[in-house]
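>>> please find the sequence and the predicted model below.
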Amino acid sequence: MAISKRKRAQYTRYGVYVVTSVVLIAMVFFVDWNKLQDAMFRWELVKDQFPGILTTAARNTLIFTILGFAGGLILGLLLALMRLSKARAYRYFAATYIEVFRGIPLVVTLLILGFGIPIAFKWSWPNPYLRGAVPLALVAGAYMAETIRAGIEAVPKGQMEAARSLGMSYSRAMATIVIPQALRIIVPPLTNELVLLIKDTSLISILGVTEGTIDLARYGRNGVFDTANSTPLIVAGLVYMIMTIPLTQLVAYMERRAKAAGK
Amino acid sequence: MSDIVVSIRQLNKSFGDNHVLRGINLEVQRGEVVCIIGPSGSGKSTLLRCVNLLETPTSGQVIFLGDDLTDHDCDIDSARTKIGMVFQSFNLFPHMTALENICVAQRKVLKRSAEESEAKARALLARVGLGEKADSYPGQLSGGQQQRVAIARALAMDPTVMLFDEATSALDPELVGDVLRVMKSLAEEGMTMLVVTHEMGFASNAATRVVFMDGGVIVEEGPPSQVISAPQEERTRAFLSSVLNH
Ligand SMILES: Nc1ncnc2c1ncn2[C@@H]1O[C@H](COP(=O)(O)OP(=O)(O)OP(=O)(O)O)[C@@H](O)[C@H]1O
Ligand SMILES: [Mg+2]
């Protein structure tokens, strides 16, 4: 039986429509909406989340994100430059670092740095924000390093050569000629990494939280325990989306623009 | 002070097993225009890139105004400000306007003031016939215009010698003339130039000396009237007949 590719795609699409419609209709008839709303989206509980979910929880999530991202960016840039360095020791150090921190789950890194190191060295973190943000930055730096390196390598070699031929030192040429061009390539994937980082801050509460440093995910979870209802978590999820969706849209916009410019 | 600007001595360069330059000796006097011609892969670009150490020679010396650039103690960055280079692919900085392209190294390397470097940049743009293009980005310029900005960028450093690596090879034929005219006028003003080119017309008219390279060695050199019009070596003749008869 010979059907064209286009016909087949068309049939597949019809199939998807039919299945989706059946599922939606089934949901409308069989799901008890009142019960569902009662368990997951009770208005009075929604209202109870405010303003704390914004003034404390969202604020803390943002603080962890900003510290983690800024630290990760600086570290990532350093690691990327080390990976591109002529000195073998730098290259090996950076490559090892990146493999190690990308290979270990964030939770494990958090636990080692948050509990293990303080116990081993009889030391305590001077600041609860740093205790969560430093491990986050160390891991984010490993991922960003590869993104930044790829961006730098995508800048044509002739740019560095032209800058050097004018008498600029390697680092001056990097800073004024190569990195500004690499940034345009790097910004979209780096924004994606920021989105991941926002969500990864939800793991920090594994280290335990105080009233002051509670983040969005933990705030929602505590709310569930207090109310025996899922509404607080749903609200927390919505607040995450308010932070992440503009960023993913921004990436989509930048990528569309880059594509148009590339034509 | 001697009038030798560049002196290349027993220069060798290998890329892995590929022995590209095999004992090159070449001296360039102040005011000379030396054109290097030769078949593809003969090592012309590599030789030129060894002069400002974009390639590190495997052995031999490059003496520039009395300083051995291959010496590890030599300040190569400061030497490079006096050796202008023009590339086949222009290599303008795409994130900067023409004016900024010409100013950036004046400001950051020579530490000239903003006013001084801008005045210099505008004068040079006018001189290469692009006075109106100061605020254009490279992407908005034709290849020939980009290459003239690149020449202005190199000249802004007040170089003692200019290196041109096939400056017109990437251009559409109708744009070659503008660039060659700028190069010719530079030569006439007494700029010391080392020019790798396939433009035999330019070599005949502008060169004080023509160097024919093949297989990593200098096969023949002399005034254009000799090397181009009456070559002594069989390899030179074969090369010239292949480029002139197509
Ligand atoms: N960076 C490099 N790494 C390895 N091999 C190289 C490199 N640059 C040049 N070569 C080799 O050196 C040889 C000479 O190259 P070069 O570019 O100097 O020739 P050319 O005379 O300029 O040729 P063309 O007229 O095609 O520009 C070639 O065999 C080339 O493959
Ligand atoms: Mg070449």
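Arrived safely. Ligands and ions are numbered 1, 2, ... in the order given.

>>> quick one: residues contacting the residue lying farthest from the centre of chain B.
Distance from the centre of chain B peaks at residue B:115, with 28.2 Å (C-alpha atoms, centre = their mean). For residue B:115, no contacting residues are found, by C-beta atoms under 8 Å, 6 or more residues apart in numbering or on different chains. Yep, even glycine has a C-beta here, placed from its N, CA and C like the rest.

>>> for it, give me the pLDDT.
In this model, residue B:115 is scored at 97, pLDDT.

>>> the nearest residue to residue B:103 once chain neighbours are set aside sits in which helix or strand?
Sequence neighbours aside, residue B:117 is the residue nearest to residue B:103 in space, at 4.4 Å (criterion: C-beta to C-beta, 6 or more residues apart in numbering or on different chains). According to DSSP states H and E, residue B:117 maps onto helix B:114-127.

>>> off-centre distance for that helix?
22 Å (C-alpha atoms, centre = their mean, to the nearest Å).

>>> poorly predicted segments of the chain, please.
The chain I'm using is chain A. Scanning chain A for pLDDT under 70 picks out the ranges A:1-2, A:262-263.

>>> meant chain B, my bad for not saying
B:1-2, B:246.

>>> chain A contacts on that one?
For chain B, the residues in contact with chain A (C-beta under 8 Å from any C-beta of the partner chain) are B:52, B:54, B:77-78, B:80-81, B:83-85, B:87, B:89, B:91-95, B:104-105, B:108-110, B:150, B:153-154, B:157.

>>> toward the C-terminus from the helix holding residue B:117, list the very next helix or strand.
Counting by DSSP H and E, the next helix or strand C-terminal to helix B:114-127 is helix B:143-155.

>>> that following helix packs against which elements?
Counting contacts by 3 or more C-beta pairs under 8 Å, 6 or more residues apart in numbering or on different chains; DSSP states H and E, helix B:143-155 is packed against strand B:83-86, helix B:98-108, helix B:114-127, helix B:173-188.

>>> the inter-axis angle of the third one versus helix B:98-108?
Relative orientation of helix B:114-127 and helix B:98-108, computed by axes from the mean of the first three to the mean of the last three C-alpha atoms, to 10 degrees: 140 degrees.

>>> with the longest one instead?
For the pair helix B:173-188 and helix B:98-108, the angle between their directions (the same axes, to 10 degrees) equals 40 degrees.

>>> closest one to residue B:59 among the helices and strands packed on helix B:143-155?
Counting by C-beta to C-beta, residue B:59 lies closest to strand B:83-86 out of the helices and strands packed on helix B:143-155; the figure is 20.7 Å.

>>> distance from the closest one to the middle of the chain?
The chain centroid and the centroid of strand B:83-86 are separated by 6 Å under C-alpha atoms, centre = their mean.

>>> contacts for it?
A:162, A:165, B:48, B:51-52, B:54, B:64, B:147, B:150-151, B:154-155, B:157, B:159-165, B:167.

>>> for stretch B:225-243, same thing?
Contacts of stretch B:225-243 (C-beta under 8 Å, 6+ apart): B:37-39, B:198, B:200, B:203-204, B:210-212, B:214, B:219-221.

>>> one more: stretch B:204-221?
The contact list for stretch B:204-221 (C-beta under 8 Å, 6+ apart) reads B:19-26, B:31-39, B:42-44, B:47, B:183-184, B:187-188, B:195, B:203, B:222-224, B:226-229, B:231-233, B:235-236, B:239.

>>> selecting buried members of the residues you listed in ChimeraX, what would you type?
Buried members of the contacts of stretch B:204-221, defined by 16 or more other C-beta atoms under 10 Å in any protein chain shown, are picked up in ChimeraX with:
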select /B:20,21,24,26,32,33,34,35,36,37,38,39,42,43,44,47,183,187,195,203,224,227,228,231,235,236,239
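
>>> mark which of the contacts of stretch B:204-221 are part of helices, please.
Counting by DSSP state H, the members of those that fall within helices are B:44, B:47, B:183-184, B:187-188, B:203, B:224, B:226-227, B:235-236, B:239.

>>> tell me which of the residues you listed is nearest to residue A:92?
Using C-beta to C-beta, the ones in helices among the contacts of stretch B:204-221 come closest to residue A:92 at residue B:47, 34.6 Å.

>>> and the gap between that closest one and ligand 1?
7 Å (C-beta to the nearest ligand atom, to the nearest Å).

>>> burial count for the closest residue to residue A:148 other than its chain neighbours?
Leaving aside its sequence neighbours, residue A:148 sits nearest to residue A:80 (C-beta to C-beta, 6+ apart; 3.9 Å). As a burial measure, residue A:80 scores 26 neighbours (other C-beta atoms under 10 Å in any protein chain shown).

>>> next SSE downstream of whatever helix or strand residue A:80 lives in?
In this structure, residue A:80 sits in helix A:59-83 according to DSSP H and E. Next helix or strand after helix A:59-83 toward the C-terminus (DSSP H and E): helix A:88-103.

>>> remind me what that following helix packs against, helices and strands.
Of the remaining helices and strands, those touching helix A:88-103 by 3+ C-beta pairs under 8 Å, 6+ apart are helix A:59-83, helix A:128-154.

>>> related to what we said a few turns ago, flag every buried residue along the helix holding residue B:117.
B:117-118, B:120-122, B:124-125, B:127.

>>> residue contacts, residue A:210?
Going by C-beta under 8 Å, 6+ apart, residue A:210 touches residue A:128.

>>> list phi and psi for it.
phi -100, psi 170 (degrees, to the nearest 10).

>>> do the one 5 residues further on as well
In this entry, residue A:215 is assigned phi and psi values of phi -110, psi 180 (degrees, to the nearest 10).

>>> neighbours around it, how many?
By the criterion of other C-beta under 10 Å, residue A:215 has 25 neighbours.

>>> how about residue A:190?
20.

>>> what is the neighbour count of the spatially closest residue to it that is not a sequence neighbour?
Spatial nearest neighbour of residue A:190, excluding adjacent residues (C-beta to C-beta, 6+ apart): residue A:147 at 6.0 Å. Residues lying near residue A:147 (other C-beta under 10 Å) number 20.

>>> kindly report the same for residue B:159.
So residue B:159, with other C-beta under 10 Å, has 20 neighbours.

>>> surely it meets residue B:82?
Yes - using C-beta atoms under 8 Å, residue B:159 is in contact with residue B:82, at 5.3 Å.

>>> list the buried residues of stretch A:234-243.
Neighbour-count burial for stretch A:234-243 [16+ other C-beta under 10 Å]: A:234-236, A:239-240, A:243.

>>> need those in a markdown table with distance to ligand 1, can you?
Below are those laid out as a markdown table (distance: C-beta to the nearest ligand atom, whole Å):
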| residue | distance to ligand 1 |
| --- | --- |
| A:234 | 59 |
| A:235 | 59 |
| A:236 | 55 |
| A:239 | 53 |
| A:240 | 49 |
| A:243 | 47 |
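
>>> between all of those, which two are separated the most?
A:234 and A:243 (15.6 Å).

>>> quick one on the thing from earlier: ligand 1: which of the helices and strands packed on helix B:143-155 is closest?
strand B:83-86 (13.9 Å; C-beta to the nearest ligand atom).

>>> what pairs with the closest one, parallel or antiparallel?
Sheet pairing here is set by DSSP bridges, and for strand B:83-86 it gives strand B:161-165 (parallel).

>>> give me the residues contacting the strand it pairs with.
B:5-6, B:28, B:44-45, B:48-49, B:51-52, B:64, B:82-88, B:154-155, B:183, B:186, B:191-197.

>>> hmm, 6 Å instead?
Contact with strand B:161-165 is made by B:5, B:45, B:48, B:51, B:83-88, B:191-196, as judged by C-beta atoms under 6 Å, 6 or more residues apart in numbering or on different chains.

>>> nice, that's everything, thank you.
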